[in-house]
Structures are given as structure tokens and as C-alpha cells.
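Student: Model the following, please.
(4 chains)
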Amino acid sequence: MALTKEQIAKHIAKELRDGYYVNLGIGIPTLVANYIPEGINVVLQSENGLLGMGPFPFEGEEDPDLINAGKQTITTVPGSAFFDSAMSFGMIRAGKVDLTVLGAMEVSERGDIANWKIPGKMVKGMGGAMDLVASARNIIVAMVHSNPKGGSKLLPECTLPLTGVRCVRKIVTDLAELDITNEGFKLIARAPGVSVEEIKSKTAGKLIVEGDVPEMIF
Amino acid sequence: MALTKEQIAKHIAKELRDGYYVNLGIGIPTLVANYIPEGINVVLQSENGLLGMGPFPFEGEEDPDLINAGKQTITTVPGSAFFDSAMSFGMIRAGKVDLTVLGAMEVSERGDIANWKIPGKMVKGMGGAMDLVASARNIIVAMVHSNPKGGSKLLPECTLPLTGVRCVRKIVTDLAELDITNEGFKLIARAPGVSVEEIKSKTAGKLIVEGDVPEMIF
Amino acid sequence: MKKIVASADEAVSDIRDGATIMLGGFGLCGIPENCIAALVRKGIKGLTCISNNAGVDDFGIGLMLNQKQVKKMISSYVGENAEFERQLLSGELEVELIPQGTLASRCLAAGYGMPAIFTPAGVGTEVANGKETRHFKDKAYLLELAFEVDFAIVKAWKGDTEGNLIYRETARNFNPLMAMAGKITIAEVEELVPAGELDPDHIHTPGIYVHRIFKGVHYEKRIEQRTVRKVN
Amino acid sequence: MKKIVASADEAVSDIRDGATIMLGGFGLCGIPENCIAALVRKGIKGLTCISNNAGVDDFGIGLMLNQKQVKKMISSYVGENAEFERQLLSGELEVELIPQGTLASRCLAAGYGMPAIFTPAGVGTEVANGKETRHFKDKAYLLELAFEVDFAIVKAWKGDTEGNLIYRETARNFNPLMAMAGKITIAEVEELVPAGELDPDHIHTPGIYVHRIFKGVHYEKRIEQRTVRKVN
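Tutor: Coordinates of the predicted model:
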């Protein structure tokens, strides 16, 4: 069975390590914050200028001066810090953010990512995505395996305009966890009940399957 | 009569305009702060990270966390701000400091300045001088006209290692006020009782004298 | 020299048709509401606006777009805004999209007197077109130039008569960077106090970067995405 | 992951002979007194020290110079220090002098992930020797590379358990810049408080840049030039 968005997020949360500074993109990545394993402390960075992002505020406690990069009202946790956008992207570029999770429209087998522009459609802009993918040491893409038309989003080459080149390290889709290797997409784990054959058929880029690929455990 | 250090400072203080941000170097330049004309507000910048430097503290009120670029204990005036060294030199480089006054060992007729290194002697370093002379929009040198051996400090070319090139705009010495022009040192004013001939004889670089050169008034 | 001006209208009085202006804020958070309203009243046209976003249909820079005052937007993310999209598709409006960190760094470069900076953002993408790419230790970077703008307009929480500014929470964002980048910088603040009332250790933008300051009024501080959690 | 360490000795325990370390402070103002004492106790040798100054004979980095622990100093201004001068003239000590603003900017570049910056400081002087000069709009700049250091050691006024730091007055100077530039950054603070006690708007160095923090003891805070005015 294909994973739900929540399960994709939960599986990615296993990558978190104690003390990590983490930047979570809009959409599925945001959900990762709900599944931080027990005993692990991570600090969430919001690239509009905050370390130590907390959950959404309770109704009536929204503060218009306190939003995240998705422009949502949020809160802070104890020990948070505010800073300007230059320092925010400065710490990202300097590799101080340990993990970045973001969505994508396409990922190539070399780790190129496209997630900001569809030719012919109104382009809203890259926001901070190009900075994040060019700089973060560890980039995980959270996305569904196939686009709405049923085409694979894991390709030999991206067809859409690129956001960054050779930067993605890992992809977690509704069907599988895959690492980007020099040889292509390496299958690390399958969604429960999803066969290697199904993943193979839905992955247009080169897929490497070594030995017995375990099922994810939730 | 040659000017005293205090008179050199007082004459330079006439260049101050209301609202100026000013950086004063060590030595004679520091004294300029004592002669700020009435009705004129200037803000003193200290490149170790302060805007709004005040006078020395009263005895017993010295604060070791509050020093100027000369490492002297100082105070602040109301409306001061602290910042780090990158921002401090950032505002200098960006031309936000209106006037810089500093000492020199030699100035050339093109406006080159040497004030940091004497070959054969222990070199202490340039500190912030190279940043200041390379960046300030308006640099006035305060110095005596001749070196201790009687040689001119206003030269066709500097003989000492340079601090900056073509950056000095004006020089006030114990004998004269001179502007740097495309043609050389232009005599603007004489110290009271000092003749054009004396200034000419003590200026090794090209000196331009046009019309009647007024005496300074104190 | 007094930096205090009486109103937003006075603060923007010498901004002319065709000017290039920067406006602080991220989304609708920390935007100079009073100055935007004054620019709309003033009715100047042909502006190039540098701002991370372009507002929404009826707030922020959207208000200027509605009056067709903007010739070109330079932003990292736009188009929460139907009128914006219409003008863009009809060719009335020009848009230059640049990565958010690059936007921030080009402001910083201007404020720190650095003519250009290197960033890896956009290497290998269409953002790199026409730009110099340079390698340092096997990593590729783009050379990006410092902004040069006539006016920067920012919003702070508190300010003093010397022009010192303090921002609040994530309303800081681009404001201190743009404050440093303007040839003329205009700051509107929620609270304006006499020099000496702000702790000099707490100041985010030293007054040397600020040329005009006034106390703004009637801040709406509209929330773009109101998200809440339920009380358990 | 706990950033708190018990002492200066624990904080510097893995700094080895031959390491490159940065030390915050300007003159004797805002220097990491506790860590310097621990480095002297530890007795490691062959250090390259990046710091704006080199202390005085019996305080600051001067204490490390006395023990001949320093192979090379990278500073903007040195030599308030007889032992320093002796070692320099005898060839025991190597010195690289760089303009103060360049020193600051090369730290900033490291902390902001910029491989290099351009500055006009030193153009046309011996500082420019061997460096790339480049013109932007007819003004010449030198290309200066970001620092790369193993350890940065800084002193702050207040810190919290997350590593957030606040500096006091001109004791800020190079400290926030060096804090950003270290692969490992060690902060000693006068007051160490639980997370949540510092106002997040007042923090100068966000904890992400700080790896180890401890409460320092017995600060001497020596004054280098005690200057006072007379009561009228």
C-alpha cells in the first residue's frame, strides 16, 4: 500500500539525530515535525529568520510578527533566536543546517532537482529553494512517486527547469525510500506491500536493486 | 608661528557639518572632538564597534567592556549603538562615514598615504587604517609638516610602504592647510605668521599657490 | 541634522516616477504599510520595486500594483495576487525572480560596501544565465552584484531620533538588510523614542544607515496564512 | 545534544598541537580569558592564532606567547608586547598582518558560506601582493578568501543552554564573527542561563553557530589604556 503523506513524513523523521538543525519545506516536509522520535531534540530553522520554531499558536494567540517561511502563524520554543535573512541564508550556505527536507516535481538519477517552475504556467518564484538545495549538506526530498498524469517523477534527466544540480541525497516517496548514488537511484526500502517490480515500473531513471529490499516499518 | 596640535585639530574641526558621522584616528585626530563647532551635531564612530562615542569616563567609572579603537576607556552618548567589526567596517566601506581624520608619516602629491610601516623597525600592523583610507569618502590627514629629521612629509612620491593610494583629500599640518588636486598640493591657508615661502621650502612635492593665500583664523 | 519627518507622505515626497525602491518585509510580515499607502496616494509610476514578495491583491505592494505604479518587480516569490498575474501575462509588468538568499546577500553587499558576492544558489540553473561562474575548492559559485537603489523603505518595531532601529520577531527579515542598502533609507516604526531610550546592545540597524524616520499609524499587520492548533 | 561543558579545560580538550584557532576580542576587551588560561595549562604548541591583536606581555594571547605555544599570529595590530617582538625578531614567531576590516570580513564570509569577498582595503599596497585585483565600476578591490579554522574561541556576556550568545558593549567586536567561522566554536560566558531566558530578539549569535559553552570564572577584564577625565 502506498504511504500516506503522514507516513512519508514519519519515515523521513527516522533520519533525525539528536542536536540536528533542520529546515522543513512546505507541504509533506512540514509534517516531519510531528514525528520527531522520542529522546531526540532537533531545532527547526525557518529561513525567514528563526531558529527554534514551535507549533502553530492556539486560536487567538496568533502573532502577525511571527510567521514561518510558508507565511503561516507559528510559535517559538524556549531558546529560539531571530535574525535577518542574510544571516539565515548565511547559516544555510555555511552548512550549519544539518538536514533540509523539501518537495520536488522531479528528481534526476544524478540528484538534480526541479521544483520551482513549469513552463507555460504562472511562475511564482524559487523563494529560498535554490539557496537551500545549493547549500545544505543533506537534502531529502519528500514527494509522491508519480505525477498526477501517472508519469514518473524519478527521471534520468529532469525535464523541468532545474532548482539545483547533484544535490539530493535521499528521496522518500509514497512507494519507496531511495538514495542517490553515483550509479543512480538505489532502492533502500519499500512501502509496506509495494513490490520491487511496482517501484521499478514507476521509476523512469536508473534503479539499483541490491539483494532483498526490506519493507518500511511503522 | 607653527600651529599647536590643538590648533591643527581646531582648524580641522571647521570641516565638520551638522549630521556628519566621523571617524577620528589616534593622536591629533582624536583632539578634533574637543572643537566641534556650536550648533553642529556629529556622531563619532569607533571602528571597534560603536557609533556615538562620548568623552573619557570620570575616574572610577571606567568600563573594561567599553573602549575605543585606541583601546582607551570611553563613554557613550545617548542614541549610541554597538555592532560587530564586520558591520563597522561595512559602514565604512559603504561610504556611510562622512569624514575620516587620521595621522600620516608621508603623503604624496597624488594623495597616497603611508602611515603604518617603517622598514627596519618593528611593524605593529595597519589595524583599520587601510580599510579607512580605501573606503572613506572624505579623508583629512592631520600631521606635522616635517619629520623629526627636518625632512618634508609632503612628497612627490611616498618612500615608505603605502597604506592607501590616491585617497587623501586634504592635509592640515602645523604650517598649512592643503588640498590634494590633480596638479599636486594646493595651498589653501597658512598658519598665522607662516609665509608661503616657508611652506614652499618645506614641501617636497609639487605645491600650487594661487593668488593671495589667507592666514588661518582661530 | 534632524532625521524625524512628520509623516509617510513627507518621507516619500522626493521619490519620483521611475525610481528604484526597496521595500522590507517577508510576505505581509514587517512591511512598511504607511509608506506603501503614501506611495499609492502620491501616484508615482514606473517604479522598480525590490522586495521579497509582491503583496496580495488588496494589501502590501498589491495596492501599488492595483494602481499600475510598478513597472518591474524584483522578488524571490510572487503571485499570491490575481492582478499581479494579469499584468504579468499581459506584459504590463516585468518580473525578475532571484533566489531569496541571493536577494538578501545582494542587500548585505550594498550595506557593507562589497561590490559583489559569491553564492552557490542557482548554479546549473537558468538563474546562472549570463552570470560569471567561479569555482572555489571544486564548488561552483555565481558572482552576484550588490544592489544599487535610490530609496530603501523599511518597517521597524522601535526606533529613536538618531535613526537606530529594533525589529520584532520574524518581522525583521529583509528590513535591516534593505535599511543598509538604500542611498536614502526611510524607516517607519511603531514606537519612536528619544535618543538614549533604546539599549545600544539591542539595536539591529545603527542610525548611520537611516536618513528619515517617523512613527507609523494604524498598522493592520494582516496575517496571510492564519494557522492555529486546537486546544487539546 | 548537550552543548554545555563543565570547564574551559574540557572545552579545549581536543585542540591539538599545530591547530589553527581564532580568538575573539579587540585588544584585551572581550577576550576569552578562561580558554586562554586553559590552553596555557594544556601546553599545546605550534598554534596558528587568528586574533585582531596578540595581547600584552602578561595577559591575553601574550600568556600563550610566553609559553612559546604560538607558531604564527594572524592579526591586524600586534606588538604591545616585548616577548612578542623578541620572538618575531628572532624568527621564532611568524606574523601575518592583515587589515582589520579584511580580518572581520573573512570571518563573516566563513560564517555566511561565502568563499571569498572583495574589499578595497590594501589595493596598491604590499597587502595586495599575490592577490587578485578586480575592478567594479572603476574602483579596484582585492579578492580575499574566507577563513577556514578548526576552532573558534569567543567570549560573550550572556549565553543559554542552546548556545545563543549576547555580547556587551564594545566587547562584541570580533566575537560574533569568529563564532560563525569555526568548524567547532567554543563560547565562554559571564552568565549562563536556561534556554528561554534570553529575549530571542536580543541574541547576537544564534546557537547554531556554537558547539560548546560554559560559564567562565574570575574575569579580570584588564584595561589596556585607562583614560579618564577630571570632574570639573
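Student: Helix or strand: which one has C:T102?
Tutor: Under the criterion of DSSP states H and E, C:T102 resides in helix C:100-111.
Student: Give me the angle between that helix and helix D:100-111.
Tutor: Helix C:100-111 runs at 180 degrees relative to helix D:100-111, counting by axes from the mean of the first three to the mean of the last three C-alpha atoms, to 10 degrees.
Student: list the helices and strands the very next helix or strand once past helix C:100-111 packs on?
Tutor: Remark: after helix C:100-111, the chain's next helix or strand is strand C:116-119, criterion DSSP H and E. The contact analysis (3 or more C-beta pairs under 8 Å, 6 or more residues apart in numbering or on different chains; DSSP states H and E) places strand C:116-119 against helix C:100-111, strand C:139-145, strand D:116-119. Backbone N, C-alpha and C define where each C-beta goes, glycine included.
Student: what residues does the helix or strand of chain C with the lowest mean pLDDT touch?
Tutor: Using mean pLDDT, DSSP states H and E, the weakest-scoring helix or strand in chain C turns out to be helix C:82-90, at a mean of 90. Applying C-beta atoms under 8 Å, 6 or more residues apart in numbering or on different chains, the contact partners of helix C:82-90 are A:122, C:54, C:57, C:62, C:65-66, C:68, C:73, C:78-79, C:93, C:95.
Student: could the helices and strands packed on strand C:116-119 go into JSON lines alongside distance to A:Q45?
Tutor: As requested, these are arranged in JSON lines below (distance: least, C-beta to C-beta, whole Å):
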{"stretch": "helix C:100-111", "distance to A:Q45": "13"}
{"stretch": "strand C:139-145", "distance to A:Q45": "22"}
{"stretch": "strand D:116-119", "distance to A:Q45": "24"}
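Student: And the helices in the chain, which stretches?
Tutor: Picked chain A for this. For chain A, helices defined by DSSP state H occupy the ranges A:5-13, A:28-31, A:85-93, A:129-135, A:196-201.
Student: wait, I meant chain C there
Tutor: C:8-11, C:33-42, C:62-66, C:82-90, C:100-111, C:175-181.
Student: okay, these, which one's buried deepest?
Tutor: Using mean count of other C-beta atoms under 10 Å in any protein chain shown, the stretch among the helices of chain C with the largest mean neighbour count is helix C:175-181, at a mean of 30.
Student: Alpha carbons only: can I get that one in CSV?
Tutor: Output for helix C:175-181, consisting of C-alpha atoms alone and laid out as CSV, is shown next (Å, rounded to 0.1, in the frame of the first residue of the first chain):
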residue,chain,number,x,y,z
ASN,C,175,14.3,45.1,6.8
PRO,C,176,17.8,45.5,8.3
LEU,C,177,19.4,44.5,5.1
MET,C,178,17.5,46.9,2.9
ALA,C,179,18.0,49.6,5.5
MET,C,180,21.7,49.3,4.8
ALA,C,181,21.3,49.2,1.1
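Student: ok, residue 56 - contacts?
Tutor: This is for chain A. Contacts were defined as C-beta under 8 Å, 6+ apart; by that measure A:F56 touches A:72-75, C:227-229.
Student: hm, I was asking about chain C
Tutor: Shown here is C:V56, whose contacts under the criterion C-beta under 8 Å, 6+ apart are C:28, C:62, C:80-81, C:222, C:224.
Student: again, 6 Å this time
Tutor: With C-beta atoms under 6 Å, 6 or more residues apart in numbering or on different chains as the criterion, the residues that contact C:V56 are C:62, C:80-81.
Student: one step back: including mean pLDDT, could the helices and strands packed on strand C:116-119 go into a markdown table?
Tutor: What follows is those, written out as a markdown table (pLDDT from 0 to 100):
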| stretch | mean pLDDT |
| --- | --- |
| helix C:100-111 | 98 |
| strand C:139-145 | 98 |
| strand D:116-119 | 98 |
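Student: closest to A:S152 out of the ones you listed?
Tutor: Shortest distance between A:S152 and the helices and strands packed on strand C:116-119, using C-beta to C-beta, is found for strand C:139-145: 28.3 Å.
Student: Next, the angle helix A:85-93 makes with the closest one.
Tutor: Here strand C:139-145 runs at an angle of 170 degrees relative to helix A:85-93 (the same axes, to 10 degrees).
Student: ok, now how distant is the nearest residue in space to C:A6 that is not next to it in sequence from C:P194?
Tutor: Taking C-beta to C-beta, 6 or more residues apart in numbering or on different chains as the measure, C:A6 lies nearest to C:F214, with 6.7 Å between them; neighbours along the chain are not counted. As judged by C-beta to C-beta, to the nearest Å, C:F214 and C:P194 stand 15 Å apart.
Student: Among those two, which residue is more densely surrounded?
Tutor: C:F214 (22 against 11; other C-beta atoms under 10 Å in any protein chain shown).
Student: I'd say that one and C:K2 touch.
Tutor: No: between C:F214 and C:K2 no contact is recorded; they are 11.3 Å apart, counting by C-beta atoms under 6 Å.
Student: Within range of chain D, give me the residues from chain C.
Tutor: Selection of chain C residues close to chain D by C-beta under 6 Å from any C-beta of the partner chain yields C:114-115, C:117-118, C:136, C:202.
Student: how about 8 Å then?
Tutor: On the criterion C-beta under 8 Å from any C-beta of the partner chain, chain D has as its neighbours in chain C the residues C:105, C:112-120, C:136-137, C:139, C:141, C:145, C:166-169, C:172, C:200-202.
Student: Any of the residues you listed buried? List them.
Tutor: C:105, C:112-120, C:141, C:166-169, C:172, C:200-202 (16 or more other C-beta atoms under 10 Å in any protein chain shown).
Student: Give me every residue in chain C lying close to chain B.
Tutor: Residues of chain C found near chain B, taking C-beta under 8 Å from any C-beta as the criterion, are C:1, C:110-114, C:160-162, C:164, C:180, C:194-196, C:200-201, C:203, C:206-209.
Student: one more time with 7 Å, if that's ok
Tutor: Selection of chain C residues close to chain B by C-beta under 7 Å from any C-beta of the partner chain yields C:1, C:111-114, C:160-162, C:164, C:195-196, C:200-201, C:203, C:206-209.
Student: Any idea what the closest residue to C:T227 other than its chain neighbours is bridged to?
Tutor: Closest residue to C:T227 in three dimensions, ignoring its sequence neighbours and counting by C-beta to C-beta, 6+ apart: A:Q72, at 4.1 Å. Applying DSSP bridges to A:Q72 yields these beta-bridge partners: C:Q225.
Student: Would you mind confirming that A:Q72 makes contact with C:V228?
Tutor: No: between A:Q72 and C:V228 there is no contact, the gap being 9.6 Å when judged by C-beta atoms under 7 Å.
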